[in-house]
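S.K.: Could you work out the structure for the sequence below:
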Amino acid sequence: MSSKSVKVGEFYELDAGADLADSAYYNEDLAPTKVADRTWNKTNIAALWVGMAICVPTYTLGGVLTAYFGLSVVEALITILLANVVVLLPLTLNAFPGTKYGVPFPVLLRSSFGVTGSNIPCLIRGLVACGWFGIQTMFGGLAIHLLFSALSDSWASLGSVGEVIGFFIFWALNIFIVIRGSESIKWLETVAAPLLLAVGVGLMVWAGGKVSLTEELSVPANRPEDAGFFGYFFAGLTAMVGFWATLSLNIPDFSRFARSQKDQVIGQIIGLPLTMFFFAALGVVLTAASATLVGETVSDPISLIGKIDSPFWVITSMILIIIATLSTNTAANVVSPTNDFQNIAPKYINNTRGVLLTGLVGILLMGWELLKKMGWVVSDVSVESMYSNWLLGYSSLLGPIAGIMIVDYFLIKRQKLDLVALYAENSQYAGFNKAGFIAFLVPVGLTVISLTFDVLGWFYNYGWFTGAISGALLYYLIAAPGESVASADEAGLATR
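M.R.: Numbers count the residues shown, from 1 in each chain. Predicted coordinates:
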């Protein structure tokens, strides 16, 4: 039996036959989600974003913008809000094909980069996610260590070794949840969202009266007095857009489970911008209040709460922070590389093996930090400085991919994909798509030139925007004359 695309209402699913079962580019985990299994409503999508946005790195964003990008507190908070409104555009647009066709991110990339070529942007996205996975697992391990330390003095005596053990406990929790599949992730995010919002409100109440919001909001910027505002603002905006530039690519990994386009759009609008703004603002307030609260300035919530002189509140707070970090890590940093690694060799790497491979790479990327905590190596490099300094760098790589994906689906393919061909051998998507790689490599090349020769600094400083716009324009100019739209007939379409 040959495979065919089946239209169900406004959506499509794949009726896979023997031809695709034998294809090197197909497995059940990468196959389009059946329409009956697309059950995520707008509440689930909003909860997904609440669960991902409330995490330690979000808490520290205000400090990153004031310390590294020369913005005042008010400017920093406005920048965070605007950045998350901006990033909604690629998020919702790239979510559309996932919802309509049920395909994950790597399979969608086959349309613009080719079946073989899709592995290159996939691995770029996947390795960035593995790096974040390691960082978030480090924070989760610290929370587990502080939780056990509040319960046991003998555990507290382990010191940083306890943090390493906590890292591997938290690592195992992440792996277990994602191996269980999308419904497990949906359940976690839906349960976690109200708890995480309660933590944020509780922390704000705890700090209330101990810091003057008026004084905090009036703190001036630390940039030179004669420096212009907009250069610093757009650099900071680019970095904040870069924070979710990763998910703006692989959002189809989640929107493939949405029950309608309306649900994915409304869910993202409700869940992302205000949650990011609220928790980043909370970080600014609590960091300022920490000197009064615990006698020293502390920039991350785990260490701050760990200093509270109340075992009950420490234990309660650490449990909630573990849930918060778990909900962020599983969705934002494990699902994508799991699918990306499967795309390399679908017949050999299924979902379970992809999850384990993601976990292994995450351990390797954090190996230096783990060795440092064990006292086996000495290094002045911190996890916090690492993630603070790479937001601009990886956004320059991911921006062109986002622009190419949007133009390919909406302008070149006109929202019509050949589902069978995306998985078939020797199809129209086989090999490498020259247009996609030219449109990707030119912006990346300009970024490398700007860094190497100290020219075109603006191209790097505004990397996500310059990359996305130039990549999109180049792809349209190259692909438009030669690309054909997959018709219903070409897709072997059936309806029911």
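
S.K.: make it CA atoms for all contacts and neighbour counts henceforth
M.R.: Will do.

S.K.: So in the protein, which helix runs the longest?
M.R.: helix 119-151 (DSSP state H).

S.K.: so what does that helix touch, helix or strand wise?
M.R.: Helices and strands in packing contact with helix 119-151 are listed as helix 153-156, helix 160-179, helix 245-250, helix 301-306, helix 311-329, helix 335-344, helix 351-365, helix 391-407; criterion 3 or more C-alpha pairs under 8 Å, 6 or more residues apart in numbering; DSSP states H and E.

S.K.: same question for that helix, mean pLDDT?
M.R.: On average, the pLDDT along helix 119-151 is 90.

S.K.: Ok, stretch 215-223 next?
M.R.: Here the average pLDDT along stretch 215-223 is 76.

S.K.: what's the neighbour count on residue 411?
M.R.: Residue 411 has 14 neighbours, counted by other C-alpha atoms under 10 Å.

S.K.: on that earlier part again, just checking the distance from the longest helix of the chain to the centre of its chain.
M.R.: Here helix 119-151 shows a centroid-to-chain-centroid distance of 12 Å under the convention C-alpha atoms, centre = their mean, to the nearest Å.

S.K.: And for stretch 432-447?
M.R.: 22 Å.

S.K.: likewise stretch 302-313?
M.R.: 29 Å.

S.K.: try stretch 362-376
M.R.: Distance, centroid of stretch 362-376 to centroid of chain: 23 Å (C-alpha atoms, centre = their mean).

S.K.: Mind listing what's buried along that stretch?
M.R.: 362-363, 365-366, 368-370, 372-374 (16 or more other C-alpha atoms under 10 Å).

S.K.: same thing with stretch 140-150?
M.R.: Here stretch 140-150 shows 140-150 as buried, counting by 16+ other C-alpha under 10 Å.

S.K.: Among these, find me the one that's closest to residue 188.
M.R.: residue 140 (15.7 Å; C-alpha to C-alpha).

S.K.: Would you agree the closest one is in contact with residue 325?
M.R.: Yes. Shown here, residue 140 and residue 325 form a contact pair, counting by C-alpha atoms under 8 Å, at 6.0 Å.

S.K.: just the CA coordinates of stretch 135-145, formatted as PDB?
M.R.: Listed next in PDB are the C-alpha coordinates belonging to stretch 135-145 (Å, rounded to 0.1, in the frame of the first residue of the first chain):
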ATOM      1  CA  ILE A 135      22.600  25.000  32.600                       C
ATOM      2  CA  GLN A 136      19.000  24.400  33.800                       C
ATOM      3  CA  THR A 137      19.900  21.000  35.200                       C
ATOM      4  CA  MET A 138      22.700  22.700  37.200                       C
ATOM      5  CA  PHE A 139      20.200  25.000  38.700                       C
ATOM      6  CA  GLY A 140      17.800  22.200  39.400                       C
ATOM      7  CA  GLY A 141      20.600  20.200  41.000                       C
ATOM      8  CA  LEU A 142      21.300  23.100  43.300                       C
ATOM      9  CA  ALA A 143      17.700  23.300  44.300                       C
ATOM     10  CA  ILE A 144      17.700  19.600  45.100                       C
ATOM     11  CA  HIS A 145      20.900  20.000  47.200                       C
END
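
S.K.: What is the burial count for the residue nearest to residue 138 when sequence neighbours are not counted?
M.R.: In space, and not counting its chain neighbours, residue 138 is closest to residue 167: 5.6 Å by C-alpha to C-alpha, 6 or more residues apart in numbering. Here the count is done by other C-alpha under 10 Å, and residue 167 has 25 residues near it.

S.K.: what sits against residue 167?
M.R.: For residue 167, the contacting residues are 137-142, 144, by C-alpha atoms under 8 Å, 6 or more residues apart in numbering.

S.K.: Let's see that with 6 Å instead.
M.R.: 137-138, 141 (C-alpha atoms under 6 Å, 6 or more residues apart in numbering).

S.K.: In CSV: those residues, plus distance to residue 176.
M.R.: Formatted as CSV, the contacts of residue 167 follow (distance: C-alpha to C-alpha, whole Å):
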residue, distance to residue 176
137, 14
138, 17
141, 16
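
S.K.: which SS class is residue 451?
M.R.: Classification of residue 451 by DSSP: H, G, I helix; E, B strand; the rest coil places it in helix.

S.K.: from what I can see residue 289 touches residue 211, true?
M.R.: Yes. Residue 289 lies in contact with residue 211 (C-alpha atoms under 6 Å); the separation is 5.3 Å.

S.K.: The two: which has the busier surroundings?
M.R.: Set residue 289 next to residue 211 and count neighbours by other C-alpha under 10 Å: residue 289 wins out with 24 against 18.

S.K.: Relative to residue 314, how far out is the more buried one?
M.R.: According to C-alpha to C-alpha, to the nearest Å, residue 289 stands 18 Å off from residue 314.

S.K.: again, but for residue 217
M.R.: From residue 217 to residue 314 the distance is 29 Å (C-alpha to C-alpha).

S.K.: These two: which is more packed in?
M.R.: residue 314 (23 against 15).

S.K.: In contact with the more buried one, which residues?
M.R.: Residue 314 touches residue 306, counting by C-alpha under 6 Å, 6+ apart.

S.K.: any idea of the pLDDT on it?
M.R.: pLDDT, residue 314: 81.

S.K.: Could you report the distance from it to residue 144?
M.R.: 11 Å.

S.K.: just checking, what packs against the helix or strand hosting residue 470?
M.R.: Here residue 470, judged by DSSP states H and E, is contained in helix 463-479. When contacts are defined as 3 or more C-alpha pairs under 6 Å, 6 or more residues apart in numbering; DSSP states H and E, helix 463-479 packs onto helix 391-407, helix 434-452.

S.K.: Just name the most buried of the ones you listed.
M.R.: Looking across these with neighbours counted as mean count of other C-alpha atoms under 10 Å, the highest average goes to helix 391-407: a mean of 25.

S.K.: Make sure residue 14 is indeed in a helix.
M.R.: No. Using three-state DSSP, the assignment for residue 14 is strand, not a helix.

S.K.: I'd say it and residue 5 touch.
M.R.: Yes. Contact criterion C-alpha under 6 Å: residue 14 and residue 5 qualify, at 4.8 Å.

S.K.: Near residue 2, how many other residues are there?
M.R.: Counted with other C-alpha under 10 Å, the neighbours of residue 2 add up to 12.

S.K.: ok, back up a step: got a markdown table for the buried residues of stretch 362-376, with distance to residue 444 and pLDDT too?
M.R.: Formatted as a markdown table, those follow (distance: C-alpha to C-alpha, whole Å; pLDDT from 0 to 100):
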| residue | distance to residue 444 | pLDDT |
| --- | --- | --- |
| 362 | 25 | 91 |
| 363 | 28 | 92 |
| 365 | 23 | 85 |
| 366 | 26 | 86 |
| 368 | 28 | 78 |
| 369 | 29 | 80 |
| 370 | 32 | 86 |
| 372 | 33 | 84 |
| 373 | 36 | 85 |
| 374 | 38 | 86 |
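
S.K.: For those, work out which two are farthest apart.
M.R.: Among the buried residues of stretch 362-376, 362 and 374 lie farthest apart (C-alpha to C-alpha), at 17.5 Å.

S.K.: for the stretch 1-150 of the chain, what spans make up the strands?
M.R.: 4-8, 11-15 (DSSP state E, counting those that start in this stretch).

S.K.: Format the CA atom coordinates belonging to the last one as PDB.
M.R.: So the one you mean is strand 11-15. Extracted C-alpha coordinates of strand 11-15, given in PDB (Å, rounded to 0.1, in the frame of the first residue of the first chain):
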ATOM      1  CA  PHE A  11      -5.900  19.700   9.100                       C
ATOM      2  CA  TYR A  12      -3.900  16.900   7.600                       C
ATOM      3  CA  GLU A  13      -2.500  13.600   8.800                       C
ATOM      4  CA  LEU A  14      -0.400  10.900   7.100                       C
ATOM      5  CA  ASP A  15      -1.700   7.400   6.200                       C
END
